[in-house]
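1. coords below, sequence missing:
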């Protein structure tokens, strides 16, 4: 069929990202229907490097869009208390592995050093520092203004992601790109959906009794999945037996010291029944607690979250929480619907974002799957000048299904590799089965292929070498002492260079918010 018109139901970041791509790269007539009664969830305020593909396709310049979306830079993802719950924090830095020939570009060298020189000099947190010098940049919350290739290979264009206000980003795309490109914006609500005899969508009926017909309908209605699930009856498959977190509490915190608190990483801090996110935006810190209602009540979770906030942001050291938390912080409770529908595209309807599937906020997969699915849809419609057959639909469904499974397995690995046993929640996380694909990526430990898998596995204490092999390598390798000396000296050089770079806040103030 030839797609000449598309109606997107639902705004938010998913709807407007889809509209922005289609309006830029196709001649399709695009209508977006948005309800003023629907409030965006707004937990997806952190991105990964793949977000740059969307920015590049839309030709968005940082100095233009970032100030309008309260955005900041992101160079890494940090995990605190995930291994032992004793204050340890390891990084998952962006960018390429940048070891020099001296270190043989082999992550296994780290474990040889650790085995010989001990965890005091080589704790698991040292792994990412050893294989990617961008770790030091993230830990110090710096943005280099000059790149010293003898020290690291940080590249602002490639080794960066963003923290942003997702709601503002959607509005920015709406006002600055979609509407100027001819997207028709209707503020109304859907009263009914009329189906054809073959169960495809015939038309939409609004509360104003307007009839809207299109060749293709894009469902961006969030967890409601109005078109795909409710009217086209596409089954939803829950991930609840693998991913336990089904609830979240979100809040916003004011900065105490903006320069020191505006980190360049998303901080994920494990608590008793889940974990907290901390996302530094330009005007506030977005924070929240993701937990499982199976293991704690809403009231207990909120109290646990308040204690965390009190200690971290209000300097309260006792077990109770400071009254300032109740006075200054507003809490919003959210239910998470994790899983995916059997297909994202059925007949003449395709779901983008939460309406197709969702994992949980960990690793920023909400925005990630939304903009990646939107990109695949755009490519599908543009590939043959908007001519689509069942082949294209099947290809889209296979691509999105594989993507969701890959990200699900990656998120799951964070829990199954943890060594925490202090609560029933964490003990049960350790007993979830791991897929063969995940096991291969974790145990292969190939620094040229595994990317994030390698950081998570090592940070959570996974050593791919058996002790006998390690000892044999140490006894046979005369260069291990030299490697240790070189690394310790190189580490000092890196830290000295990083210390001389501007803070994240100062860099943004001078270059983005000036």
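-> Alright, I've got the coordinates. The structure presented is a predicted model; accordingly, all values stated were derived computationally and were not measured. Numbers count the residues shown, from 1 in each chain.
2. who's in contact with residue 295?
-> 244, 273, 423, 424, 425, 428 (C-beta atoms under 8 Å, 6 or more residues apart in numbering). All C-beta atoms are positioned from the backbone trio N, CA, C, and that covers glycine.
3. quick one: low-confidence ranges for the stretch 51-200 of the chain?
-> Filtered on pLDDT under 70, the stretch 51-200 of the chain yields the residue ranges 98-106, 147-153.
4. Just give me the neighbour total for residue 309.
-> When neighbours are counted by other C-beta atoms under 10 Å, residue 309 registers 24.
5. and what of residue 194?
-> Residue 194 is flanked by 12 other residues according to other C-beta under 10 Å.
6. So it belongs to a strand, correct?
-> Yes - assessed by DSSP: H, G, I helix; E, B strand; the rest coil, residue 194 belongs to a strand.
7. Check the spacing between it and residue 511 real quick.
-> Distance, residue 194 to residue 511, using C-beta to C-beta, to the nearest Å: 52 Å.
8. do the same with residue 220
-> 33 Å.
9. Same question for residue 176.
-> 20 Å.
10. I'd say residue 415 and residue 428 touch.
-> No - using C-beta atoms under 8 Å, residue 415 is not in contact with residue 428, being 9.2 Å away.
11. out of these two, which sits in the busier spot?
-> Between residue 415 and residue 428, counting by other C-beta under 10 Å, residue 415 is the more crowded of the two (23 against 14).
12. Near the closest residue to residue 513 other than its chain neighbours, how many other residues are there?
-> Once flanking residues are discounted, residue 513 sits nearest to residue 67: 5.6 Å by C-beta to C-beta, 6 or more residues apart in numbering. Residue 67: 15 surrounding residues under other C-beta under 10 Å.
13. can you check residue 383 too?
-> Residues near residue 383, counting by other C-beta under 10 Å: 12.
14. one step back: among the contacts of residue 295, which are in helices?
-> Among these, the members falling in helices are 424, 425, 428 (criterion: DSSP state H).
15. Which of those sits closest to residue 144?
-> residue 425 (39.4 Å; C-beta to C-beta).
16. Spit out the contact partners of residue 240.
-> So residue 240 contacts 246, 338, 339 (C-beta under 8 Å, 6+ apart).
17. host element of it?
-> Per DSSP states H and E: residue 240 is located in neither a helix nor a strand.
18. picking up where we left off before, so which of the contacts of residue 240 are in helices?
-> Among these, no member lies in helices (by DSSP H).
19. Serialize these to CSV and add fields for distance to residue 287 and neighbour count.
-> Shown next, in CSV, are those (distance: C-beta to C-beta, whole Å; neighbours: other C-beta atoms under 10 Å):
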residue, distance to residue 287, neighbour count
246, 19, 20
338, 20, 20
339, 25, 18
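20. overlap in contacts of residue 415 and residue 428?
-> Contacts common to residue 415 and residue 428, judged by C-beta under 8 Å, 6+ apart, are residue 244.
21. if I read this right, residue 20 contacts residue 173, doesn't it?
-> Yes - the criterion here is C-beta under 8 Å, and residue 20 meets it with residue 173 at 4.5 Å.
22. For the two, list the residues in contact with both.
-> What both residue 20 and residue 173 touch, as defined by C-beta under 8 Å, 6+ apart, is the set residue 58.
23. How about residue 258: what's its closest non-neighbour residue?
-> Nearest residue to residue 258, sequence neighbours excluded (C-beta to C-beta, 6+ apart): residue 505, at 5.7 Å.
24. now residue 269: how far from residue 289?
-> From residue 269 to residue 289 the distance is 9 Å (C-beta to C-beta).
25. who's more crowded, these two?
-> residue 289 (26 against 19).
26. Assess the claim that that one and residue 268 are in contact.
-> No - Residue 289 is not in contact with residue 268 according to C-beta under 8 Å; the separation is 11.1 Å.
27. overlap in contacts of the two?
-> Common neighbours of residue 289 and residue 268 (criterion: C-beta under 8 Å, 6+ apart): 275, 276.
28. Give the rounded mean pLDDT of the helix ranked longest in the chain.
-> Taking DSSP H as the criterion, the chain has its longest helix at helix 390-416. Averaging pLDDT along helix 390-416 gives 96.
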